[in-house]
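Asks: Need coordinates for the following:
(one chain, ligands or ions: 1)
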Amino acid sequence: MKTPAQGNGDAIRTVDAQHHLHPFTDSGKLNARGARVITRAEGIYLWDSEGQRLMDGMSGLWCVNLGYGRKELIAAATQQMEVLPYYNTFFQTTNAPAARLAQAIADITPGDLNHVFFASSGSEAVDTVIRMVRHYWTLNGQPRRKALIARENAYHGSTVAGASLGGMGPMHRQATPLLPDIHRIPQPYWYGEGRGLSEDEFGLLCAKALEDKILEIGPENVAAFIGEPVQGAGGVIVPPATYWPEVQRICRKYDILLAADEVICGFGRTGSWFGCETFGFQPDIMSMAKGLSSGYLPISAVAVGDRIANALINAGDDFNHGFTYSGHPVAAAVALENIRLLQEERVVDYVANTIAPYFQTRIRERLGHHPLSGHIEGVGLLAGIALVRDRASGTLFDSEIDVGTICRDHCFRNGLVMRACGNRMVFCPPLVITPAEVDEMVEKARECFDLTYDDVRALILDQAQAG
Ligand code: PMP
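Replies: Model (predicted):
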């Protein structure tokens, strides 16, 4: 007999359509079509209620870094549930998993990020960064420093603060009025916006936009610059090598705090523990989530450098911020075990030295010459592929042809989860993927690129005939 939580696909689809509003979804369209019901998962595979197996090329939503079904994580949760399922950390109390996890995060993060504040989601971690950097400057005797500088096409979450800080037009349109005193500079997207310059020149130019913006606002008004080491939801935009070191130099020059949003890049994704190490900069404060627990339970954290933490510690007053689930003992126990497994199994080394080089080579060999494939960029186990109408000129499809969605749907139908970010197809597989699984993933993607190519050629022909 099926448990109520599983049910059968049609029954679940019916109640889902009646009652469940999905994130980032056209609910009317989804309800008419019916959601795919995911029923179980193991390793890097998912199964749906129709029994179809899907290879998860996205690690869930950029988070299941150790893959599905890890008994050690399940045991860590179960054991902690039995001993202490919940207690808060507000009232002069702590718990062992939260304290040990703070220590573990302090140990694995670079530089002087020696202090940790907990939350449950990436959005809450980003909100915490905003609260903390502004409060820091008040404590520091410079209360006018409130402005935050972020990038176009950045993603920093979906609370009002996250949506305001991010650079996603469709989110802005539904979140107005946005939070004030957030300023935006161009993204370091060389293929889309920088051609004509070398990548290195373009990286410096994008960093210069930060300096120009700081001078426009007045450094005495700027609290922090925030960026994802690699923009994830923006389509996996890998910045030129010159970019981050120059951003760091500019932040130091004007004494602007540098915040890294490592929600996707953290925990080995780019081949280092944190993206800032791969790209050569040292943040003053860092948000993390997702890979912190491999997505098994919701937990996020902000790693805070000594400078900011000491100001809070020595303020002689409360920091009036926190969440019911800050330092949740079960989520923290799972995150601790996740970090222990990453260390014991040397997963970050495996990414850097074995599987990422293989993955980056194979996607270029098998997809790089495809007529739809304009440009591939990637680092570690992240990659973004721009789908174009014409490879030679890099001409994009016009907006009537939603090439990303066509390709994503072919992938789903053929047993592969890839994400479409506009016209960019994105890979973010679990860090434990094997070379044979990389081959399978890339071959499936290639078949789906072929199917997409046939569809878009037919659409272009239709357009030509109609025109
Ligand atoms: N920051 C970044 C860089 C992210 O990629 C995300 C989520 N994709 C968030 C913040 C928000 O995380 P959450 O969805 O857990 O709130």
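Asks: Contact partners for residue 381?
Replies: For residue 381, the contact set (CB atoms under 8 Å, 6 or more residues apart in numbering) comprises 269, 271, 351, 355, 356, 359, 427, 428, 429, 430, 431, 433. Every C-beta, even on glycine, is put in place using the N, C-alpha and C of the backbone.
Asks: Can you list the residue ranges for strands in the stretch 301-450 of the chain?
Replies: Under the criterion DSSP state E, counting those that start in this stretch, the stretch 301-450 of the chain contains strands at 373-379, 382-387, 416-417, 419-421, 424-427.
Asks: Redo those strands as TSV? Include mean neighbour count and mean pLDDT.
Replies: Listed next are the strands of the stretch 301-450 of the chain as TSV, based on neighbours: other CB atoms under 10 Å; pLDDT from 0 to 100:
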stretch	mean neighbour count	mean pLDDT
strand 373-379	20	97
strand 382-387	25	98
strand 416-417	22	98
strand 419-421	20	96
strand 424-427	26	98
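Asks: Output those as JSON lines; include the columns distance to residue 346.
Replies: Shown next, in JSON lines, are the strands of the stretch 301-450 of the chain (distance: least, CB to CB, whole Å):
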{"stretch": "strand 373-379", "distance to residue 346": "19"}
{"stretch": "strand 382-387", "distance to residue 346": "20"}
{"stretch": "strand 416-417", "distance to residue 346": "27"}
{"stretch": "strand 419-421", "distance to residue 346": "28"}
{"stretch": "strand 424-427", "distance to residue 346": "22"}
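Asks: how about the ones you listed in a markdown table, adding distance to the ligand?
Replies: A markdown table is the format used below for these (distance: least, CB to the nearest ligand atom, whole Å):
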| stretch | distance to the ligand |
| --- | --- |
| strand 373-379 | 15 |
| strand 382-387 | 11 |
| strand 416-417 | 15 |
| strand 419-421 | 11 |
| strand 424-427 | 12 |
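Asks: Counting neighbours, what do you get for the nearest residue to residue 246 once chain neighbours are set aside?
Replies: If you skip the residues right next to it in sequence, residue 246 has residue 207 as its closest partner in space, 3.7 Å away by CB to CB, 6 or more residues apart in numbering. Counted with other CB atoms under 10 Å, the neighbours of residue 207 add up to 24.
Asks: If you compare the directions of the helix or strand containing residue 207 and strand 373-379, what angle comes out?
Replies: Secondary structure assignment for residue 207, by DSSP states H and E: helix 199-217. On the basis of axes from the mean of the first three to the mean of the last three CA atoms, to 10 degrees, helix 199-217 is oriented at 70 degrees to strand 373-379.
Asks: per-residue confidence averaged over helix 199-217?
Replies: The average pLDDT within helix 199-217 is 98.
Asks: got a list of what the nearest residue to residue 299 once chain neighbours are set aside touches?
Replies: Leaving aside its sequence neighbours, residue 299 sits nearest to residue 331 (CB to CB, 6+ apart; 3.8 Å). By CB under 8 Å, 6+ apart, the contact set of residue 331 is 120, 293, 297, 298, 299, 325.
Asks: same deal with residue 217?
Replies: Taking CB under 8 Å, 6+ apart as the test, what residue 217 contacts is 147, 149, 183.
Asks: same thing but at 6 Å, please
Replies: residue 147 (CB atoms under 6 Å, 6 or more residues apart in numbering).
Asks: ok so, going back, name the residues that touch the following helix or strand past the helix holding residue 207?
Replies: Under the assignment DSSP H and E, the closest C-terminal helix or strand after helix 199-217 is strand 222-227. For strand 222-227, contacts defined as CB under 6 Å, 6+ apart pick out 133-134, 137, 145-151, 214, 251, 256-259, 261.
Asks: before we move on, what about stretch 24-37?
Replies: Under CB under 6 Å, 6+ apart, the answer for stretch 24-37 is 9, 12, 13, 16, 17, 21, 48, 49.
Asks: out of these, which are buried?
Replies: The neighbour count (16 or more other CB atoms under 10 Å) marks 9, 12, 13, 16, 17, 48, 49 as buried among those.
Asks: Quick check: phi and psi at the last one.
Replies: This points to residue 49. Torsion angles at residue 49 (phi, psi; degrees, to the nearest 10) stand at phi -70, psi -10.
Asks: All further residue positions should be reported with the first residue as 40.
Replies: With the count now opening at 40, the last piece we talked about shows up as residue 88.
Asks: tell me the contacts of it?
Replies: Counting by CB under 6 Å, 6+ apart, residue 88 has contacts 48, 76, 78.
Asks: just those residues now: which is nearest residue 482?
Replies: Distance to residue 482 across the contacts of residue 88 (CB to CB) is lowest for residue 78, with 25.3 Å.
Asks: quick check, the closest one in a helix?
Replies: No. Residue 78: not assigned to a helix; according to DSSP: H, G, I helix; E, B strand; the rest coil it is strand.
Asks: Which part of the stretch 240-389 of the chain gets nearest to the ligand, residue-wise?
Replies: residue 302 (3.5 Å; CB to the nearest ligand atom).
Asks: I'd like the distance between that residue and residue 82.
Replies: 24 Å (CB to CB, to the nearest Å).
Asks: Could you do residue 498 as well?
Replies: 36 Å.
Asks: Check residue 268 too.
Replies: Residue 268 is 27 Å from residue 82, by CB to CB.
Asks: So between the two, which is more surrounded?
Replies: Legend: neighbour count by other CB under 10 Å for residue 268 and residue 82, higher for residue 268 (29 against 17).
Asks: for the more buried one, what are its contacts?
Replies: 304, 314, 315, 318.
Asks: now it, nearest residue through space, not along the chain?
Replies: residue 314 (2.8 Å).
Asks: got the contact list for that neighbour?
Replies: With CB under 6 Å, 6+ apart, residue 314 has these contacts: 268, 269, 301, 304.
Asks: okay if I get those residues as JSON lines plus secondary structure?
Replies: Putting these into JSON lines (three-state DSSP) gives the following:
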{"residue": "268", "secondary structure": "coil"}
{"residue": "269", "secondary structure": "coil"}
{"residue": "301", "secondary structure": "coil"}
{"residue": "304", "secondary structure": "coil"}
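Asks: re the thing from before, out of the contacts of strand 261-266, which touch the ligand?
Replies: residue 300 (CB under 6 Å from any ligand atom).
Asks: okay, now the residue in the stretch 140-289 of the chain positioned nearest to the ligand: neighbour count?
Replies: Ranked by CB to the nearest ligand atom, the top residue of the stretch 140-289 of the chain for proximity to the ligand is residue 161, at 2.2 Å. Residue 161 has 28 neighbouring residues, counting by other CB under 10 Å.
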